[in-house]
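**Q** Next one to model:
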Amino acid sequence: MRKWIAFLLVVLVLVGCAPPATPVAPAEDTHLKMGLLPILDVIPFFVAEQKGYFEEQGIQVELVPVKSAQERDTLMQTGQIDGQLNDLISTALFNKEKPKIKVVYTARRAYPDAPQFRILAAPGTDLKTPADLKGVPIGVSQNTIIEYITQRMLEAEGLTPEEIVFTEVTAIPVRFELLMNGQLQAATLPDPLAQGAIAGGARLIIDDTAHTELSQSVLSFSVEALTQKPNTVRKFLAAWEKAVNEINADPTAYQDLLIEKGRVPKSIQGTYAMPPFPVGQVPTEEQFADVIQWLKDKGLIDRDIPYEDLVDASFLPEK
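**A** I've put the predicted structure just below:
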């Protein structure tokens, strides 16, 4: 009996002296919720989903459709989504007081043969050149990427800010209708709706093919998601890039998806071609600096936001 008691005491002493177990880090959450506007730029999301590229990476991605940028921003502000497709203006406004989101990939941009935005004149007007737009109200959604691009394109063509006049028409479909029935003399529209307007008689004044540095959409994530799910975000971008490479290699294979998800007007469904998508890019410091200056000029922000608070290129897939 004494031997058993002694043995038990030895065991208890050894257990008491053993080093504490190393805490095991919790497994990283592999779920992502992404807010998606119903625009052409989101097509790689659907290709990656249909081809199983997210599953291949071992992650689960929930695509959350939104009807407007305002709805998307609300979901991001309230933490209901981890990431989104947005633009540089939206990113800077999110971070006007402190870093809340960061851009990790350029989703789409204008190319010399593939515009993103066009300034159009209504059918039947005498407006033909950027100079003709002096003092003419142009339909835009104010304080957004649409207004920024419109102003910068016209300034590049020689107009002063005082000569450029805007009128607020937030909803893009409404802006399209007002332009086509002559209630707006001019408006800025994104493709493919802009090309549909031209097919219906609107006149092209200028597009961003000559100013490709101005236009782009981006993939951004909350700082919280980038901190807590860094590997999941990297895997998401690997799946996105695989989808982009596949689209760029054979765009005609995704024509039906383009028509369905890109909201291509019926009048141009047989002629509108899939635009190229950028690979492995983020916005440059110069591009964001101009956006910040424009927002400061308009009084929408009151500080210089550092580039590193807006962009994180470390999440780009390795080559």
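
**Q** switch to C-alpha atoms for all contacts and neighbour counts from now on
**A** Fine.

**Q** For the longest helix along the chain, the averaged confidence score.
**A** Longest helix of the chain, by residue count under DSSP state H: helix 230-249. Averaged over helix 230-249, pLDDT sits at 97.

**Q** For it, which outside residues touch it?
**A** By CA atoms under 8 Å, 6 or more residues apart in numbering, the residues outside helix 230-249 that reach it are 28-32, 44-45, 47-48, 53-54, 57, 59, 105, 225-226, 253-254, 276-280, 315-317.

**Q** repeat for stretch 287-306
**A** So stretch 287-306 is contacted by 88, 89, 92, 93, 95, 96, 148, 213, 214, 307 (CA under 8 Å, 6+ apart).

**Q** give me every residue that touches the nearest residue to residue 210 once chain neighbours are set aside.
**A** Excluding the flanking residues, the one nearest residue 210 by CA to CA, 6 or more residues apart in numbering is residue 112, at 6.4 Å. Listed by CA under 8 Å, 6+ apart, the contact set of residue 112 reads 209, 210, 212.

**Q** follow-up on the earlier one: can you pick out the most distant pair from the contacts of stretch 287-306?
**A** Using CA to CA, those span at most 22.6 Å, a distance reached by 96 and 213.

**Q** where's the residue nearest to residue 210 relative to residue 32, distance?
**A** Between residue 112 and residue 32 the computed distance is 34 Å (CA to CA, to the nearest Å).

**Q** Equivalent analysis for residue 226, please.
**A** Distance of residue 226 to residue 32, given as CA to CA: 11 Å.

**Q** that older thread, only alpha carbons, please: show the next helix or strand after the longest helix of the chain as PDB.
**A** Downstream of helix 230-249, the first helix or strand assigned by DSSP states H and E is helix 255-261. Coordinates of each C-alpha in helix 255-261 appear next as PDB, following Å, rounded to 0.1, in the frame of the first residue of the first chain:
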ATOM      1  CA  GLN A 255     -20.500  35.100 -74.200                       C
ATOM      2  CA  ASP A 256     -23.700  33.700 -72.700                       C
ATOM      3  CA  LEU A 257     -22.500  34.500 -69.100                       C
ATOM      4  CA  LEU A 258     -21.600  38.000 -70.300                       C
ATOM      5  CA  ILE A 259     -25.100  38.600 -71.700                       C
ATOM      6  CA  GLU A 260     -26.800  37.200 -68.500                       C
ATOM      7  CA  LYS A 261     -24.600  38.700 -65.800                       C
END
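
**Q** Tell me how far helix 255-261 lies from the chain's centre.
**A** Helix 255-261 has its C-alpha centroid displaced from the chain centroid by 19 Å (CA atoms, centre = their mean, to the nearest Å).

**Q** Packing partners of that helix?
**A** If contacts are counted by 3 or more CA pairs under 8 Å, 6 or more residues apart in numbering; DSSP states H and E, helix 255-261 sits against helix 43-51.

**Q** buried stuff in the helix it packs on?
**A** Residues 43, 44, 45, 47, 48, 49 are the ones in helix 43-51 that count as buried (16 or more other CA atoms under 10 Å).

**Q** So the first one versus residue 140, what's the distance?
**A** Per CA to CA, residue 43 is found 24 Å from residue 140.

**Q** Same check on the fifth one?
**A** With distances taken as CA to CA, residue 48 is found 32 Å from residue 140.

**Q** Quick check: residue 107 is in a strand.
**A** Yes - looking at residue 107 with DSSP: H, G, I helix; E, B strand; the rest coil, it is inside a strand.

**Q** give me the number of residues near the nearest residue to it once chain neighbours are set aside?
**A** Counting by CA to CA, 6+ apart, residue 107 lies nearest to residue 218, which is 4.6 Å off, once chain neighbours are set aside. When neighbours are counted by other CA atoms under 10 Å, residue 218 registers 23.
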